Structures are given as C-alpha cells and as structure tokens.
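In: quick one: sequence and predicted model below, then my questions.
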Amino acid sequence: MTELFDDSEIAHWTPLVSPFDLAAARAYLATARQARVDGLRIQLAITPDGRLPLGEVLIIHRNADDRTASLGYSVGAAHRGRRLGSRALTVMTEYPHHTMDLPRVTPSIEAENGARAAVARAVGCRLTDEPPILTVDQGRSLALRTWAHDRP
C-alpha cells in the first residue's frame, strides 16, 4: 500500500494522508475494516491477476441506511494509463445497482481533475446540476462536483 499510495497525485486528489508510510497504511486498513463492518464501505483492490494490487476502488455510504453511494478509486502512479480506473469503476458502478438495488451512484470530483472526470464519463456518469459540495481536506478548500450514474 505504501508503494501505491505514497504519491503526490494521490495526496492531492484524495483524502489519503501524505506521506503514506507504514503507520498510515496500518491506520487506513483499520479504518477500512471498521467501515466494512459498519456497512459504510466496500473497498477492493484493483488487481489484474488476483495478487498484485495496483490501486483500490470503493463504494462509500454516509450511514448504514443510506440508499445512495459515492464511488472512489486510486491507481498507483506506475499503473496509470492502462484504463484500470475505468474498468474497476465500471464494476463498482454495476454492483450497487444490481446487487444492492441502489438507484444512483455518485462520484464527487473536483472541477480541475480532468482525468477523473474523463473516467466518470467513460463509465457512463454525467455531471449533475447539483451545487458543488464545499469541504476542507488536509487544509485545502475543495468544491466537489457531483457526477451521477443512474440505474439503467
């Protein structure tokens, strides 16, 4: 995990801490495990062979009764440009619709993050007219635009 997530691009565009060292990886895994137990997240490794993780893809709920889901993903720097993010996000877009019976999934993306917006478009998401979600992460003010994928 440290090799994948200790990356300036990931630190800039995601809430992962930087540096992402062994202590950060352990804390991240503990949080991921607890969120899974609480029914708040499903986090999976992006892997072409079932062994070597090249990134992660996740479904996030605000609370256990949430009938919507946010989507996220990260791909390690050495593995970008291979459509791993869009392929993983396609699976994680279909899963909540068909298995969890959720009508909508929503990636939230900064307007300046053209690469992530391109991936959202590639999996069939559309930019909504919802106002940006304003938040602060790691001392940086963010305006996240909501993209949506509605159940076919």
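Out: Looks like it arrived, so ask away.
In: for the longest strand anywhere in the chain, give me every contacting residue.
Out: For the chain, the longest strand by residue count, based on DSSP state E, is strand 140-150. The list of residues contacting strand 140-150 from outside it, by Cβ atoms under 8 Å, 6 or more residues apart in numbering, reads 93, 97, 103-111, 117, 120, 123-128, 130, 132-136. All C-beta spots, glycine's among them, are computed from the backbone N, C-alpha and C.
In: one more: stretch 72-88?
Out: By Cβ under 8 Å, 6+ apart, stretch 72-88 touches 3-5, 7, 9-10, 14, 16, 44, 46, 48, 54-58, 60, 89, 92, 107, 116, 119, 122-123.
In: 6 Å instead?
Out: 4, 7, 10, 14, 46, 54-58, 89, 119, 122-123 (Cβ atoms under 6 Å, 6 or more residues apart in numbering).
In: got the phi and psi for the residue nearest to the spatial centre of the chain?
Out: Of all residues in the chain, the one closest to the mean position by Cα atoms, centre = their mean is Gly72, 1.0 Å from it. Backbone dihedrals for Gly72, given as degrees, to the nearest 10, come out at phi -150, psi 160.
In: distance of it relative to Asp49?
Out: Using Cβ to Cβ, to the nearest Å, Gly72 is found at 23 Å from Asp49.
In: surely Leu42 meets Ile59?
Out: Slight slip there: residue 42 is Ile, not Leu. Yes - with contact defined as Cβ atoms under 6 Å, Ile42 and Ile59 form a contacting pair (4.5 Å).
In: so which of the contacts of stretch 72-88 are in strands?
Out: Ile46, Gly55, Glu56, Val57, Leu58.
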